[in-house]
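Chemist: no sequence on this one, just coordinates:
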Ligand SMILES: OC[C@H]1O[C@H](O[C@H]2O[C@H](CO)[C@@H](O)[C@H](O)[C@H]2O)[C@H](O)[C@@H](O)[C@@H]1O
């Protein structure tokens, strides 16, 4: 089934230069792949999430002086020791946190669920908030050169597992769940975290990491504000949010994200597309994207990298809808599609 209109693309945008920290962590990621091999436990994202124990200068000098074989491979034990000695564990810059408004059995929790078995199960699900709640460690703000994580003003709920940071559209469903759990303060705090990102960057980043600064995710911020408002009647939140939501709307309706199309009667329509500001391998999947790009001509690689990052912006990475042949990642053409779901979100944004 068609999921959007097709539009002609111009060339891919240039990527802004990556920070020295990201460039270095990408090298560590590549070394990890060469040294440890592409086993099922290799996750390239782990390496760009590692917080540095020491300065970048000291860490990169130590990395350069590691012994290597004639083909440039670092011995596995040497590499593992280097990672343990020079980095904290990925995700350790987010500290476990008990939300102030969490109670084991909230008053008026799921009032329509009478079945005792279902209630017990629902309360177990409710208790998962304790496993996913975090607070950004103070070092992230004090020593930003040692972290790819970005500071946020309020405690967070993360998706979990390898997704150690806040994500944009995940937060919509997280907020719906928090409201069922009567955790109104945490839900409002999550909305304010995203509003903060719009204030700083002009849009909500894909996730709260430096390497997500080149793209957003499905625009659901206004829907989040509405959900919290309907549950709490918090008019202060509306006042705080309105100018910021207008700013976010402009991000989605300006530049190459917006496309003008003419219908059969010659009427103009303004539609949106996913369009990352990026034309290189994604840092969190650097080694994987480079592998995929080997399947296309060198002069098509930047366009492919751009379309991969744009699919990541859609949150549906990687659904077959973004692939010309429906199967191979190397046929990705995301930015040539006007997705019906994105445009429905944009319509909802102005309703
Ligand atoms: O649950 C968080 C998100 O996880 C997926 O996407 C994220 O991971 C990708 C690979 O590391 C990354 O490139 C992408 O930009 C991230 O958003 C998932 O596809 C998303 O829907 C989800 O929000």
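Modeler: Looks like it came in fine. Bear in mind that the values here come from a model prediction, so they are computed numbers and not experimental data.
Chemist: contacts and neighbour counts: CA atoms only from here.
Modeler: OK.
Chemist: so which bits of the stretch 251-351 of the chain are right by the ligand?
Modeler: Within the stretch 251-351 of the chain, the positions adjacent to the ligand are 284, 312, 313, 315, 316, 317 by CA under 6 Å from any ligand atom.
Chemist: report the two of those residues separated the most.
Modeler: 284 and 316 (16.2 Å; CA to CA).
Chemist: tell me which of the two has more neighbours.
Modeler: Neighbours per residue (other CA atoms under 10 Å) separate residue 284 from residue 316, with residue 284 holding more: 21 against 14.
Chemist: what's around residue 319, how many residues?
Modeler: Count around residue 319 with other CA under 10 Å applied: 15.
Chemist: end to end on stretch 225-243, go ahead and measure it.
Modeler: With CA to CA, to the nearest Å applied, stretch 225-243 spans 12 Å between its terminal residues.
Chemist: apologies, that question was intended for stretch 305-323.
Modeler: 13 Å.
Chemist: list the buried residues in it.
Modeler: Neighbour-count burial for stretch 305-323, with 16 or more other CA atoms under 10 Å as criterion, is recorded at 305-315, 321-323.
Chemist: among those residues, which are in helices?
Modeler: Among the buried residues of stretch 305-323, the members falling in helices (DSSP state H) are 305, 306, 307, 308, 309, 310, 311, 312, 313, 314.
Chemist: closest one of the residues you listed to the ligand?
Modeler: The ligand has its nearest neighbour among those in residue 312, at 4.1 Å by CA to the nearest ligand atom.
Chemist: on that earlier part again, can you lay out the buried residues of stretch 305-323 as a markdown table showing pLDDT?
Modeler: Conversion of these to a markdown table gives the following (pLDDT from 0 to 100):
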| residue | pLDDT |
| --- | --- |
| 305 | 98 |
| 306 | 98 |
| 307 | 98 |
| 308 | 98 |
| 309 | 98 |
| 310 | 98 |
| 311 | 98 |
| 312 | 98 |
| 313 | 98 |
| 314 | 98 |
| 315 | 98 |
| 321 | 96 |
| 322 | 98 |
| 323 | 98 |
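Chemist: which residue would be the closest one in the chain to the ligand?
Modeler: Proximity of the chain to the ligand (CA to the nearest ligand atom) peaks at residue 315, 3.5 Å away.
Chemist: is the residue nearest to that residue when sequence neighbours are not counted in a helix, a strand, or coil?
Modeler: Distances taken as CA to CA, 6 or more residues apart in numbering place residue 217 nearest to residue 315, at 6.0 Å, with adjacent residues excluded. What DSSP: H, G, I helix; E, B strand; the rest coil gives for residue 217 is coil.
Chemist: make residue 1 into 408 and carry on from there
Modeler: Okay, residue one is now 408; in that scheme the one you just asked about reads as residue 624.
Chemist: residue 613 versus residue 624, what's the distance?
Modeler: Plainly put, residue 624 is 5 Å away from residue 613 if you go by CA to CA.
Chemist: over to residue 447?
Modeler: Counting by CA to CA, the gap from residue 447 to residue 613 is 25 Å.
Chemist: who's more crowded, these two?
Modeler: residue 613 (23 against 6).
Chemist: state the pLDDT value of the closest residue to residue 613 other than its chain neighbours.
Modeler: Distance criterion CA to CA, 6+ apart; nearest residue to residue 613, sequence neighbours excluded, is residue 623 at 4.2 Å. At residue 623, the pLDDT value in this model is 98.
Chemist: does residue 623 touch residue 720 like I think?
Modeler: Yes - applying CA atoms under 8 Å, one finds residue 623 in contact with residue 720, separated by 5.4 Å.
Chemist: identify the contacts common to these two.
Modeler: Common neighbours of residue 623 and residue 720, using CA atoms under 8 Å, 6 or more residues apart in numbering, are 613, 683.
Chemist: still on that earlier bit, now the buried residues of stretch 712-730 as JSON lines including distance to residue 527?
Modeler: Below are the buried residues of stretch 712-730 laid out as JSON lines (distance: CA to CA, whole Å):
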{"residue": "712", "distance to residue 527": "46"}
{"residue": "713", "distance to residue 527": "46"}
{"residue": "714", "distance to residue 527": "45"}
{"residue": "715", "distance to residue 527": "42"}
{"residue": "716", "distance to residue 527": "41"}
{"residue": "717", "distance to residue 527": "41"}
{"residue": "718", "distance to residue 527": "39"}
{"residue": "719", "distance to residue 527": "36"}
{"residue": "720", "distance to residue 527": "37"}
{"residue": "721", "distance to residue 527": "35"}
{"residue": "722", "distance to residue 527": "32"}
{"residue": "728", "distance to residue 527": "39"}
{"residue": "729", "distance to residue 527": "41"}
{"residue": "730", "distance to residue 527": "43"}
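Chemist: wait, which of those is closest to residue 536?
Modeler: For these, the closest approach to residue 536 (CA to CA) belongs to residue 722, at 22.3 Å.
Chemist: how about the strands in the stretch 658-758 of the chain?
Modeler: 665-669, 675-679, 744-746 (DSSP state E, counting those that start in this stretch).
Chemist: of those, which is nearest residue 576?
Modeler: strand 744-746 (16.1 Å).
Chemist: tell me which strands that closest one pairs with, and in which orientation.
Modeler: Strand 744-746 pairs in its sheet with strand 411-413 (antiparallel), by DSSP bridges.
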